[in-house]
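# output the structure for:
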Amino acid sequence: MGNSTITYILIGVTALTSYAGFQNTDIIHKMIFYPKEMKDRNEWWRFITHGFIHADFQHLIFNMLTLFFFGPFVESTFGSIFDNNLVYPIFYLAAFIFSSVPSYFKHKDNYYYRALGASGAISAVLFTTILFNPWQILYVNFFIPLPAILFAIGYVAYSSYMGKKGNDNIGHEAHLWGAIFGLICPIVLKPGVFPYFLNQLMHPPFFQ
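Numbering: from 1, shown residues only. Model prediction:
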């Protein structure tokens, strides 16, 4: 497979499944992250399926654009350092689970809590990119330039703060735990990644 093939497949499947959900709410009900139902009926597939549906086109487009821009780099990097094309899709699916586990335990008795969207895995992909390129310039909201490492610090702080407040409909906890997964998973699988990250961090390109 090419360096971006799996990313494009993930985008295509997510777009098609999400669109189907827009047309048929039964699909949403069967795939959405619903901790109470998972606990009562052992519907554990929802840990993964919720990542392939979205609330609306804006939600879908934002997540898939982020995956489009950063997924190919992670796919190519994983293919190179692990010499196995399956690591990347397994990483992506595992990010859904890892980013959702804290919310599951927090809301497993909450009849009203539901969540959907690929944000947990998207955060993981983004933060793996930052792990390998901490000084890369990211464009916040697609036009504000910011070094990736500074964006990461702000993102984690904001997600942690808003997750504790819990006063909106955004899955800040999934964003936070997805980001953490994106940082630790490559290091656990390939410990040499950590000294590489430190070396990159200590040598910002604008000081060279």
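# what's the spacing between the nearest residue to residue 104 once chain neighbours are set aside and residue 73?
Spatial nearest neighbour of residue 104, excluding adjacent residues (C-beta to C-beta, 6 or more residues apart in numbering): residue 35 at 4.7 Å. Heads up, the C-betas are built off the backbone N, CA and C, glycines and all. Taken as C-beta to C-beta, to the nearest Å, the spacing of residue 35 relative to residue 73 amounts to 33 Å.
# more neighbours: which of these two?
When residue 35 and residue 73 are compared on other C-beta atoms under 10 Å, the one with more neighbours turns out to be residue 35, at 23 against 18.
# quick one, grab the pLDDT at that one.
The confidence metric pLDDT takes the value 95 at residue 35.
# how much space separates the residue nearest the centre of the chain from residue 127?
Nearest residue to the geometric centre of the chain (C-alpha atoms, centre = their mean): residue 121, 2.1 Å. As for residue 121, its distance to residue 127 is 11 Å (criterion: C-beta to C-beta).
# mind listing the shared neighbours of these two?
residue 178 (C-beta atoms under 8 Å, 6 or more residues apart in numbering).
# so where's this structure shaky on pLDDT?
Per-residue confidence of the chain (counting by pLDDT under 70) places the weak regions at 1-2, 141-142, 163, 165-170, 206-208.
# list the helices and strands the longest helix anywhere in the chain packs on?
When secondary structure is assigned using DSSP state H, the longest helix within the chain turns out to be helix 57-82. Helices and strands touching helix 57-82, by 3 or more C-beta pairs under 8 Å, 6 or more residues apart in numbering; DSSP states H and E, are helix 5-23, helix 87-107, helix 119-132, helix 172-189.
# highest mean neighbour count out of those?
Among the helices and strands packed on helix 57-82, judged by mean count of other C-beta atoms under 10 Å, the one packed with the most neighbours on average is helix 119-132 (a mean of 26).
# got the CA coordinates for that helix in CSV?
Taking only C-alpha atoms (Å, rounded to 0.1, in the frame of the first residue of the first chain), the coordinates of helix 119-132 have been written out as CSV:
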residue,chain,number,x,y,z
SER,A,119,-12.0,13.2,17.8
GLY,A,120,-10.2,10.8,20.2
ALA,A,121,-8.3,9.1,17.4
ILE,A,122,-7.8,12.4,15.5
SER,A,123,-6.1,13.8,18.7
ALA,A,124,-3.9,10.8,18.8
VAL,A,125,-2.8,11.2,15.2
LEU,A,126,-2.2,14.9,15.8
PHE,A,127,-0.1,14.3,18.9
THR,A,128,1.9,11.6,17.3
THR,A,129,2.8,14.1,14.6
ILE,A,130,3.9,16.5,17.3
LEU,A,131,6.0,13.8,19.0
PHE,A,132,8.0,13.4,15.8
